[in-house]
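Asker: Give me a 3D structure for the following:
(chains A and B)
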Amino acid sequence: MTAVLFRKEWRQHGLWFLILGGLTLVIFLLVVQGVNQDGTGGGIFFGIGQALTYFFPIVVFILCHLLVAVEYRSKTQLFLEGLPLPRWKMVFVKAFIATLLVCAYTIGVVLIGWLASGGSEAVSLRFLGILISTAALFGWFVTSFFFLIAFLGRYRIPVLIIVFFIFNWLVSSTAVPVNDFPPFALIERFGFERDIWPREAMIWTAVIALLLFAVSFTLALAKEGSVSAILGEKMSYREKMFIGAAIAIGSMAIMMWETPTAEPFDIPGAISEERNGFHVYVSPEGEPETADLEVQLASYLVRELSEKRDWLGISEADFPPLYVVEKTGIEEDLIEWELVEGDTAILMYADYRNPEFHRETLMAWSMSQTLDSFSMGRNGLEHRWWIVCGYEGLWEMEDASPERVKAKEKLAFDTLEEFGFSTKQLIGRAQYADEAGWKEADAVIYMGFRYLTENFEMKTLQQFARNTINRPVTRRDGRAVWWDLTHPVGPEFEKTFGMTLDEFAGATIDYIRKHQPDDVNEKEESE
Amino acid sequence: MNSAPPVLPPEPVLAVNQLRRSFGRFVAVDGLDLAVQEGEIYGFLGVNGAGKTTTIRMLMGIVAPDSGTIRLLGKETKRTTLKQKQSIGYVSQEQAFYPWMTAEMLGKFVGALYPTWDMEEYRRLLKVLEVPANRKVSGLSGGMKVKLALALAIAPRPSLLILDEPTAGLDPVARREFLEIIKHQAREYGRTTFFSTHLLDEVERAADRVGIIHRGKKRFEGKLSHLRDRVRRIRINSDAPLPDGFEMWRELEPEPGDPENTRTFIIDADPMTWAGSGIVGQRLSLDDIFIACVGISTTRI
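Answerer: Residues are numbered from 1 along each chain as shown, chains lettered A, B, ... in the order given. Reported below is the predicted structural model:
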């Protein structure tokens, strides 16, 4: 009995299932290709995550429409109900097919992505497991949602639009951290989470999907033949007009009432400096006798950072204010940072009275955080972060003493000797940092960028920075994401410097060796 | 001398008792009782919206009754089971087949759901009914679709055929052909048939017995000939009471030319009562009886 239903669905929609499978693959390939044409770094899986979130729901919507809505709309459900067939079985077969296909599509795409990464991704079994399970589970959630929507008959499109508006409003106009909640928490770090299973998000996503399926089954089973007929009804012209007007009014209302609810960050009593619309606030830990140090630090930061901002071509409006709060007891570099809710400011902690403190490091780190923050984390992604780190190294060492420069060169050399350096490690900076240590990884990349400054004009470096890391993303304007998709880093680098990333990695290695520490030179000479 | 065992009335193949179903405040079927005996063709007659389709959907287990019981094929149930459905051939009011399937494919699909399905018989029926087996349903005419539905209903060799206004939308020739097939099935195979319609001539042509339903309630159940013998129009003096044993169906509004101080009634009474009362009464056409039964005022029209 069940087999005949499976056969029926396959014969009725088999071609569509294949087309949707192909469409899924094409969508994923296009996005992945756009994200990272050279297929390295975290690009492929990041691209799959993007496609899974933004494009795959369309495929699932069509799938559920075919399986459920078409049956009711063509009233063939009434024919089925006259046959000796339990209604739950009809619904179960459809839910099962939808689940099976979505799992096949998502898992298939992840596996193809894995094969396509061609070894440029360090894919452990655990990482692959995390990718497959999160992709399939997220796909299953999307299926359960659209499966339920399909059962709403003529009301499914209006309901979908309302859900979309509410979701959009939640994301853009409230401080609700949507990405912290499942199922979005599940996909938030897709392609980047390599070791820790998002267990809690997985469980909650499964629970939500099961609940949505339960509601679908309740609707389907509670409905009687006459309601099946109602489900088969189409919207009247008047209803369509009404919905159209409601969408227009709703959109206007959202635009008019859309105000960010996150309170602007502020530290009362901080020393502030302003330059060309850029603000820096420095707040001491206690109550010092004079605020000279704070004033000096604020002046330095406001001058340097506004210059960097102009050099990168970032507009005033996109550059958040910087708050520096004195904090003692921080180890190593004497600097820490913290995320500010809503990305309304950059908050740095620094032990700036400590004699070991270097204000250049604070300035460079602040700039990196700004670039990460105003791009809504886009610059912090693995395949782009190395560029930020490269410029950060240059800015930090701009006026550094020869001793500091030597120390950095030595660190780069030691790291190279111990961990090597390749394109994969360049683009996969986070992974490289995991292996070698983040300071060590940054030292190598700094040397690479120093090589660039010595071999190319600053204007060329400026152009590369402007084409890769200076584009802000606001909640209302995501065009930079499209820019990223159409201007992948690898080809952009090649276009700007006339060399491939592989050649750049090789040149970096040579450059580091050329600047190897004196003690190594002496040792080699004595040998 | 041994006395002969008492002859028990045969158990009906289909019987409903106090069946009720409402949708919100609208009562579609209201305390319906009816019984269909084995081998008979039962015409379920009613105007549009009388509750015929809701009754049939309850019989088919598509809609659950609010109260009352259904006795189908010797088993009493609140809602028709799958096993019972496997012994019923059903033709719905609307033929919503998959348009991409051919009659042959439909036969295979439906056949997998009935243990008693006879594919050879199905193919034979398609041939007899002149339904092309390999043409897609989307290419079949309305009449062919109804014939196809009938073939699908008969091929599992069911004990009971339930047909919901099967001839609606068919031309007179196709209607007559369809009714002949039903009669043939009943005669040849003793197949019990329950069919709903709002067309009197269909009932007259095919049904052994008839049940008239109006506003969810049964108004009459019996043979059509009985209905003709029982229901008559009489005119009596205004102050004269109705004789005993006469059930007034409705009083007709006076027409121009009617004698003064008289009233006209449609009366239902046993033929013996008619004979004993000395009142002749005017025999009515089936149309008039049906209209009187469902309470439509012809005078007002």
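Asker: mind listing what B:S87 touches?
Answerer: For B:S87, the contact set (Cβ atoms under 8 Å, 6 or more residues apart in numbering or on different chains) comprises B:L73, B:T116, B:P158, B:S159, B:L160. Quick note: C-beta positions are derived from backbone N, CA and C, even for glycine.
Asker: got the phi/psi numbers for it?
Answerer: Per-residue torsions, B:S87: phi -100, psi 10 (degrees, to the nearest 10).
Asker: Report the separation between the closest residue to it other than its chain neighbours and A:M363.
Answerer: The shortest distance from B:S87 to any non-neighbouring residue, by Cβ to Cβ, 6 or more residues apart in numbering or on different chains, is to B:S159 (4.8 Å). According to Cβ to Cβ, to the nearest Å, B:S159 and A:M363 sit 91 Å apart.
Asker: what residue lies at the spatial centre of the chain?
Answerer: Here I'm looking at chain A. Nearest to the geometric centre of chain A sits A:R378, at 5.8 Å (Cα atoms, centre = their mean).
Asker: oops, I was thinking of chain B
Answerer: The centre of chain B sits closest to B:F44, judged by Cα atoms, centre = their mean, with a distance of 1.7 Å.
Asker: Which stretches in chain B count as helices?
Answerer: Using DSSP state H, the helices of chain B run over B:52-59, B:82-85, B:103-111, B:119-128, B:142-154, B:172-189, B:200-206, B:224-230, B:271-277, B:286-293.
Asker: and A:V26, which of these is closest to it?
Answerer: Nearest to A:V26 among the helices of chain B is helix B:103-111 (31.7 Å), distances taken as Cβ to Cβ.
Asker: Which phi and psi values does the residue nearest to B:R263 when sequence neighbours are not counted adopt?
Answerer: In space, and not counting its chain neighbours, B:R263 is closest to B:S238: 5.4 Å by Cβ to Cβ, 6+ apart. In terms of degrees, to the nearest 10, the main-chain angles of B:S238 are phi -60, psi -40.
Asker: Could you pull up the residues touching B:S238?
Answerer: So B:S238 contacts B:N261, B:T262, B:R263 (Cβ under 8 Å, 6+ apart).
Asker: these two touch, right, A:E336 and A:M348?
Answerer: Yes. Between A:E336 and A:M348 there is a contact under Cβ atoms under 8 Å: 7.2 Å.
Asker: more crowded one of these two?
Answerer: Counted by other Cβ atoms under 10 Å in any protein chain shown, A:E336 and A:M348 do not tie: A:M348 has more neighbours, with 21 against 16.
Asker: Show residues contacting whichever helix or strand that one is part of.
Answerer: According to DSSP states H and E, A:M348 maps onto strand A:346-350. By Cβ under 8 Å, 6+ apart, the residues outside strand A:346-350 that reach it are A:265, A:320-327, A:330, A:334-340, A:357, A:362, A:365-366, A:369-370, A:373.
Asker: go with 6 Å
Answerer: A:320, A:322-325, A:327, A:335-338, A:340, A:362, A:366, A:369-370 (Cβ atoms under 6 Å, 6 or more residues apart in numbering or on different chains).
Asker: Quick one, which of those are buried?
Answerer: A:320, A:322-325, A:327, A:335-337, A:340, A:362, A:366, A:369-370 (16 or more other Cβ atoms under 10 Å in any protein chain shown).
Asker: packing partners for the helix or strand harbouring A:L452?
Answerer: Applying DSSP H and E as the criterion places A:L452 in helix A:438-455. Helix A:438-455 sits against helix A:382-396, helix A:402-419, helix A:429-436, helix A:501-514, with contacts defined as 3 or more Cβ pairs under 6 Å, 6 or more residues apart in numbering or on different chains; DSSP states H and E.
Asker: Which SSE is immediately downstream of the longest one?
Answerer: For helix A:402-419, the following helix or strand on the C-terminal side (DSSP H and E) is helix A:423-427.
Asker: Please compute how far that following helix lies from its chain's middle.
Answerer: Its chain's average C-alpha position is 19 Å from that of helix A:423-427, according to Cα atoms, centre = their mean, to the nearest Å.
Asker: got the buried residues for it?
Answerer: By 16+ other Cβ under 10 Å, the buried positions in helix A:423-427 come out as A:T423, A:K424, A:Q425, A:L426, A:I427.
Asker: Double-check B:G51 against B:H214; I have them as touching.
Answerer: No. Taking contacts as Cβ atoms under 6 Å, B:G51 lies outside contact range of B:H214: 8.1 Å.
Asker: And those two? Which one has more around it.
Answerer: The residue with more neighbours, out of B:G51 and B:H214, is B:G51; 25 against 19, by other Cβ under 10 Å.
Asker: Distance check, that one against chain A.
Answerer: The gap separating B:G51 from chain A is 12 Å, by Cβ to the nearest Cβ, to the nearest Å.
Asker: hang on, isn't A:I427 packed against A:H383?
Answerer: Yes. Between A:I427 and A:H383 there is a contact under Cβ under 6 Å: 5.4 Å.
Asker: Now for B:R283: which residues touch it?
Answerer: B:R232.
Asker: Alpha carbons of stretch A:11-20, as CSV, please.
Answerer: Extracted C-alpha coordinates of stretch A:11-20, given in CSV (Å, rounded to 0.1, in the frame of the first residue of the first chain):
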residue,chain,number,x,y,z
ARG,A,11,5.8,9.0,-11.4
GLN,A,12,4.0,12.2,-10.8
HIS,A,13,7.0,14.3,-9.6
GLY,A,14,10.1,12.2,-10.5
LEU,A,15,11.2,14.6,-13.2
TRP,A,16,10.7,17.6,-10.9
PHE,A,17,12.7,15.8,-8.1
LEU,A,18,15.6,15.4,-10.5
ILE,A,19,15.2,19.0,-11.8
LEU,A,20,15.2,20.3,-8.2
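Asker: how deep is B:Q84 tucked in, by neighbour count?
Answerer: Counted with other Cβ under 10 Å, B:Q84 comes out at 21.
Asker: was I right about it contacting B:L72?
Answerer: Yes. Applying Cβ under 6 Å, one finds B:Q84 in contact with B:L72, separated by 4.9 Å.
Asker: how about the strands of the stretch 151-300 of chain A, start to end?
Answerer: For the stretch 151-300 of chain A, strands defined by DSSP state E, counting those that start in this stretch occupy the ranges A:271-275, A:278-283.
Asker: Could you measure from A:F181 over to chain B?
Answerer: Per Cβ to the nearest Cβ, A:F181 is found 38 Å from chain B.
Asker: Quick check: that residue vs A:V159, distance?
Answerer: To A:V159, A:F181 is 21 Å away according to Cβ to Cβ.
Asker: ditto for A:I166
Answerer: According to Cβ to Cβ, A:I166 stands 11 Å off from A:V159.
Asker: And B:A275, by the same measure?
Answerer: 68 Å.
Asker: now do A:F56
Answerer: A:F56 is 20 Å from A:V159, by Cβ to Cβ.
Asker: Give me every residue in the stretch 51-200 of chain B lying close to chain A.
Answerer: Counting by Cβ under 6 Å from any Cβ of the partner chain, the stretch 51-200 of chain B comes close to chain A at B:57, B:60, B:62-63, B:82, B:85-86, B:90, B:92, B:96-98, B:109, B:112-113.
Asker: Swap in 8 Å and give it another go.
Answerer: B:54, B:57, B:60, B:62-64, B:82-83, B:85-86, B:90, B:92, B:94-101, B:105, B:109-110, B:112-114 (Cβ under 8 Å from any Cβ of the partner chain).
Asker: So which residues of the stretch 201-350 of chain A form helices?
Answerer: Along the stretch 201-350 of chain A, the segments classed as helices by DSSP state H, counting those that start in this stretch run A:225-231, A:237-257, A:292-312.
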